[in-house]
Structure formats: structure tokens, C-alpha cells
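Engineer: Take a look and give me a structure for this.
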Amino acid sequence: MNEMSVKQLSVFIENKSGRVSEVTGILGDGGINIRGFSVSDTAEFGILRLIVDRPEDAASALRAAGFTVREDDVICIDLPDVPGGLAGVLQLVSAAGVNIEYVYSLIATYVVVNVADVERALHLLADKPVRLVGQAEIASA
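Structural biologist: Numbering: from 1, shown residues only. Below is the predicted model of the structure:
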């Protein structure tokens, strides 16, 4: 993992009442702070994507509880807190040749951007006017 990438957990859950609550309860009981999340679902299952302060501990706790967890590196960008801030940053990312697969927001003005090649994206964005956020900052926010 590059120090400027962030670890995202994807938790596969049955699409039934109480499953998201169960996951978040396990994390809370473990003293793990959720910094951001996204839920997508189909008729039968869902994917809960999480950014947490201690991803390794979170993945271990969830796996111990029987959940299937995937860990992926993503990038996190601190958006300018102005009208059009998201649009401007996404235009910069796109112009740099980075294909965005999905985006969701975190605490404050942070957004998670999943891309096919994190290392390439970080390299392409290194000299752009975009402030990248690493796992250490997520943990201390």
C-alpha cells in the first residue's frame, strides 16, 4: 500500500434487516471509528464499503464474525469547500487520464475515489492541484 492510498473494506452482506447494523456494531464494539461508508445492493445481497481508522483490525473482527471482507487500496482527495469543488477536482482527475469507477464522501470534504490502478492514479495526480489524503490522516482525523 502506498502511504498516500487508503484501505477500503468491502463487506458482503445479505440484503436483510439488521445486517448493516450488525457490521457497524462489531466495529463500534472493537473501538474502530468509521470515517465513511457507502452501501450498494441488489435484491439478494449488498456491499458495504467502509473507510475506518484501523482497517486491519476491522477486517479481522468482521471475518471473525463470519463476514466476507475484501480489502482494496483507494485514493482519498480533500475537496475545496466551495461551490463546484467536486466538479473541479473530478475534471482534474479525468483530464489526468484516471478512470473513476465510483465516488463517495467521507468526513468533512474528503471523497473516496476507486480506480483500476491506484499506483498509476497517484503518480498521475502527484503534480496536480489536488490534496491527497493517506491512511495516517484518516486514522488521526
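Engineer: For Met4, the count of nearby residues, please.
Structural biologist: By the criterion of other CB atoms under 10 Å, Met4 has 18 neighbours. Quick note: C-beta positions are derived from backbone N, CA and C, even for glycine.
Engineer: Is it correct that Leu86 is in contact with Leu79?
Structural biologist: Yes - the pair Leu86 / Leu79 is scored as a contact, 5.7 Å apart, by CB atoms under 8 Å.
Engineer: Show me how this protein divides into domains.
Structural biologist: Domain segmentation of the chain under automatic domain parsing yields 5-71, 74-140.
Engineer: Check which helix or strand Ala61 maps to.
Structural biologist: For Ala61, the element it lies in under DSSP states H and E is helix 55-64.
Engineer: rewinding a little: which one of the domains of the chain has the lowest average pLDDT?
Structural biologist: Per-stretch mean pLDDT for the domains of the chain is lowest at domain 74-140 (a mean of 85).
Engineer: Perfect, I'm done here.
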